[in-house]
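Undergrad: requesting a structural model of the entry that follows:
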Amino acid sequence: MKRLSLRFLEWMGVKADKVRRKISSFDIWLEEKLEQERDQLPLWLPIAFGGGILLWFAIPDISGWLGCGCLLLALALAAWIWADKKRAAKAVLIMAVAAFLGMVDISFRAYNVAPIKPRNWGVFDIRGQILQSEYQPSRKRMRLVIAVPAFQDGSLSPPPSPLSSKQASSWPPISSLPQRFLPLLSRHPPQIQQPSSLLSRTLLLSQQASSLSSSLPSLSRPSTKTVRPYQASFAPFLFMAQVTPPSFVRSSPFASLSFPFLSERSPFRFSKEDSPARPSLMRVRISVNDRFDFSGLEAGAKIAVRVKLTAPMPAQIPAGYDYAEIAWFQRISATGHVLDQPVILEKPVLSGFSLIVASIHQRLTRHIIEKLGARSGGVAAAFVTNDIGSISESDTVAMRKAGLTHLLSVGGMHIGVVIAAVMFITIRLLALSPYLVLHFPLRMIAACNAALIGMLYTFVAGCEIPTVRSMLTAFFILFGMMIGRRAVSLRLVAAAAMLILLIQPENILSPSFQLSFAAVGTVIALAEAPIISIFGDRREAGWLKKTALIIAEIIIGGVMVEAVVSPITLYHFHQSGFYGALANILAIPLTTFVTIPAEGLALLTDLIGCSAPFWWVTDQSIRLLLAIAHYVASLPMAGFMLPMIGAWLCLFMMASWLWLGLWKTSWRLWGVVPLVLGVLMIILNPRPDWVISRDGKTIAFKTDNPKQPYQFIWPEKDSYSQDQIANLIGFDQEEEKRLFGTNLCQKGFCEIALAQQHYNLLAIKGKAAGLSPEECSQNDWVISSGYLPASCRPKRLKIDRCLLEKRGGLVFYGKSPFLRRPVMIASYSANDQHPWMRGMETRGCERRVENRRLYSSNN
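TA: The predicted structure is shown next:
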């Protein structure tokens, strides 16, 4: 092949020797560069692994997953041929295999955590056990996660048997069943009897089943109907103990029932079509309004309550908050709100480690809020338990604009303070004994004790991503101290990221994961950079010079962190800031040396009843922190908003930062060019012409009035969708009220003619009754929240409920100096086969949305 290529080049007039020399020189240069960067190559392993995970999320269907996996394996195989001779080939081999394993890991994870999906939605009476309880005083509600018994097929009651009377007559006699088969027919040991007829045997089982089912929690619609004997007669077999199946079970009509020992992994299991579902636990997240009593709603308690359940909501607009995906990986089957006062059936029973930790988490949060009040207590609770739901909206916005939101999540600073305090106290206490000092390594004992306390603190804080990352990094640092190795390095961060992605690969899409590792990696990479050497050695400097150097390092580090995380914040939140570094100069020392130590001492001294001074110090320091945040947030350009950027642009800029930060030699500067290009693309990124939500009820469009550039078509009772759309366009809530003006229409049909954009738009809210084909043909766009008839054919595009359910929310960009042709962006692909998208297919459409050209050729 190589000879044929050279002969072809010779035939084209290119000298083969010249080409061979250039290829050889490039090969030698690349090998030399990789040899110089050999210590940095392992840092790219978690990036390749995460790239495979991102590929799985980006590709919508199974055929694409298989094709991408085959391409990665083919690339690895091609690199394997040259792996013995070339370092570059070996690196490509490892990265391709890592990306393939990332796709495999997220695939197994996505299908392994599949929650039970209810068959129908609506109002239900549920009984179950509270797994998590989160009190949110700022939102005047309590959020609960409840484990409710249900069935694998989503049915709300035991399904009736499909067996015919002929099959039932061939059943073996009840006396032939071993007694161990029926241990749960009642609360007492079963008394197996042999009635004289099939009807008598059925009635006996019905009575026993009714007594059993009445004592078990259930998920059912409120109804006054009684259970018929033939329906209840099969319920006992759904609750049988795990036993070895005898031979007659597999060959009798009993085989159509679902036994616990016939699990999904059992070789004796029957197909899902042949067996009804067995009872299992369904996680339901519900909200309890403050008009109900919250007492007793703690982790471990069993409650009965009437709720209205709905499916977890997918993203309403492109790049929006996709709760359906998050709920899938959290195994949450449904969400809803409470309609009646919850009834406490049993007081909290802390039977497991998770319930004990959840109870401690909840009680600690409530205790802190009771001590400090709603405002300061919400921030103080976030410092300890990671619970940010108690912080008011105004304080949250101010902290975000000031660049101080990282303080509200338990991370490296909080874990570092706890571990340092535990190590200091442990060493001081052990050093009181001369025998221990002479015969035992106190430093190692203190490190082990600090690691244990840090791990317990991580569980109490909810095991959020920044907390887990900080704890893993702290473990590696403590272990390095024990064996005498370098404590802090980028390999620590890479190892922590790899471990988290192996266990929970879906976290790669979480803003917490991205911001946490980007910030920590930036700080460590900056500390290892040669530019920091200009500050010199501070050990022999005076206190004034030392203070100035520390402040300079904090400012440089803050500016660099803001610059690195700005693509992430712009993609997720559509905003960034300028003064984060200045705010952190005051906020970080205040939090590290005053707030967290005072709060820790207050919690400890609560045991002996002398915590009032420490709570006062904590309260005053938090008030000062919030004052700093609000002052910085009020400055001009403190938190500037920008329109939505694409995921590809965010990845492009982060890849440039990775190239700049991970390499050590001069070719790291190659990342400057794409970085500058990405900044220019963000600045020149246009605002969309119109945005429509997934339900079709919230539509914003660009007007011809420069004083009010955008306008909503219809008013909405809930402003959540309008706020999301305004943020996507690049406006905050204050600018939304000032620039968006009043709603154009109140209800029904609404016609819009915009000369600047050169199109006419017809929007319909609800049913399109009375819509004629002529009205459709006269407009460029026809948008409806309901279904439109097939006879409606506008000039450009018809958007109705069918298209919105298939593609989600839509964003449209018209022609501009930066766009040669119109562009439309959808929330997800039309044939998205990710598991959480199941059940969202279009229903009620009498036609299929055709994949046709959106615009005519003259546009």
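Undergrad: low pLDDT regions in the stretch 451-600 of the chain?
TA: The stretch 451-600 of the chain contains residues with pLDDT under 70 at 484-487, 531-541.
Undergrad: show me where it has helices.
TA: With helices called from DSSP state H, counting those that start in this stretch, the stretch 451-600 of the chain shows them at 465-483, 490-503, 511-528, 543-573, 580-590, 596-605.
Undergrad: for the protein, which strand is longest?
TA: strand 122-136 (DSSP state E).
Undergrad: for residue 326, which of the helices of the stretch 451-600 of the chain is the nearest?
TA: Residue 326 lies closest to helix 511-528 among the helices of the stretch 451-600 of the chain, at 11.5 Å (C-beta to C-beta). (C-beta placed from N, C-alpha, C; glycine too.)
Undergrad: only the buried residues of stretch 341-356, if you could.
TA: Neighbour counts over stretch 341-356 (16 or more other C-beta atoms under 10 Å) mark 342, 344, 348, 355 as buried.
Undergrad: same check on stretch 403-411?
TA: 403, 404, 405, 406, 407, 408, 409, 410, 411.
Undergrad: now the residues you listed in JSON lines, with distance to residue 766, pLDDT and secondary structure?
TA: Below are the buried residues of stretch 403-411 laid out as JSON lines (distance: C-beta to C-beta, whole Å; pLDDT from 0 to 100; DSSP: H, G, I helix; E, B strand; the rest coil):
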{"residue": "403", "distance to residue 766": "44", "pLDDT": "81", "secondary structure": "coil"}
{"residue": "404", "distance to residue 766": "45", "pLDDT": "84", "secondary structure": "coil"}
{"residue": "405", "distance to residue 766": "40", "pLDDT": "81", "secondary structure": "helix"}
{"residue": "406", "distance to residue 766": "45", "pLDDT": "80", "secondary structure": "helix"}
{"residue": "407", "distance to residue 766": "46", "pLDDT": "82", "secondary structure": "helix"}
{"residue": "408", "distance to residue 766": "42", "pLDDT": "81", "secondary structure": "helix"}
{"residue": "409", "distance to residue 766": "43", "pLDDT": "78", "secondary structure": "coil"}
{"residue": "410", "distance to residue 766": "47", "pLDDT": "78", "secondary structure": "coil"}
{"residue": "411", "distance to residue 766": "48", "pLDDT": "75", "secondary structure": "coil"}
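Undergrad: pull the most distant pair out of those residues.
TA: So, these by C-beta to C-beta: farthest apart are 403 and 410, at 17.9 Å.
Undergrad: quick one: residue 789 is in a strand?
TA: No. Going by DSSP: H, G, I helix; E, B strand; the rest coil, the assignment for residue 789 is coil, not a strand.
Undergrad: show the pLDDT at it.
TA: For residue 789, the pLDDT comes out at 84.
Undergrad: pretty sure it sits against residue 770.
TA: No. Using C-beta atoms under 8 Å, residue 789 is not in contact with residue 770; the gap is 11.1 Å.
Undergrad: and those two? which has more neighbours close in?
TA: Using other C-beta atoms under 10 Å, the more surrounded residue of residue 789 and residue 770 is residue 789, with 15 against 8.
Undergrad: what backbone torsions are found at the more buried one?
TA: Here is the backbone geometry of residue 789 (degrees, to the nearest 10): phi -70, psi 160.
Undergrad: contact partners for it?
TA: Listed by C-beta atoms under 8 Å, 6 or more residues apart in numbering, the contact set of residue 789 reads 768, 771.
Undergrad: domain boundaries for the protein, per the record?
TA: Domain segmentation of the chain under automatic domain parsing yields 19-112, 114-160+198-239+277-349, 360-644, 654-683, 690-837.
Undergrad: worst mean pLDDT among those domains?
TA: If you rank the domains of the chain by mean pLDDT, domain 114-160+198-239+277-349 sits at the bottom with a mean of 71.
Undergrad: wait, what's in contact with residue 794?
TA: 762, 776, 777, 779, 780, 781, 782.
Undergrad: do residue 290 as well
TA: Contacts of residue 290 by C-beta under 8 Å, 6+ apart are 140, 141, 142.
Undergrad: so residue 335 makes contact with residue 284?
TA: Yes. Using C-beta under 8 Å, residue 335 makes contact with residue 284 at a distance of 7.4 Å.
Undergrad: doesn't residue 307 belong to a strand?
TA: Yes. Counting by three-state DSSP, residue 307 is located in a strand.
Undergrad: what is the burial count for it?
TA: Neighbour number of residue 307 under other C-beta under 10 Å is 25.
Undergrad: separation between the closest residue to it other than its chain neighbours and residue 126?
TA: The shortest distance from residue 307 to any non-neighbouring residue, by C-beta to C-beta, 6 or more residues apart in numbering, is to residue 336 (4.5 Å). Here residue 336 is placed at a distance of 9 Å from residue 126 (C-beta to C-beta, to the nearest Å).
Undergrad: these two: who's more crowded?
TA: More crowded of residue 336 and residue 126, by other C-beta under 10 Å: residue 126, with 25 against 20.
Undergrad: and the more buried one, how far is that from residue 142?
TA: 16 Å.
Undergrad: format the contacts of residue 794 as CSV; extra columns: distance to residue 489.
TA: Converted to CSV, the contacts of residue 794 look like this (distance: C-beta to C-beta, whole Å):
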residue, distance to residue 489
762, 61
776, 64
777, 67
779, 62
780, 58
781, 56
782, 59
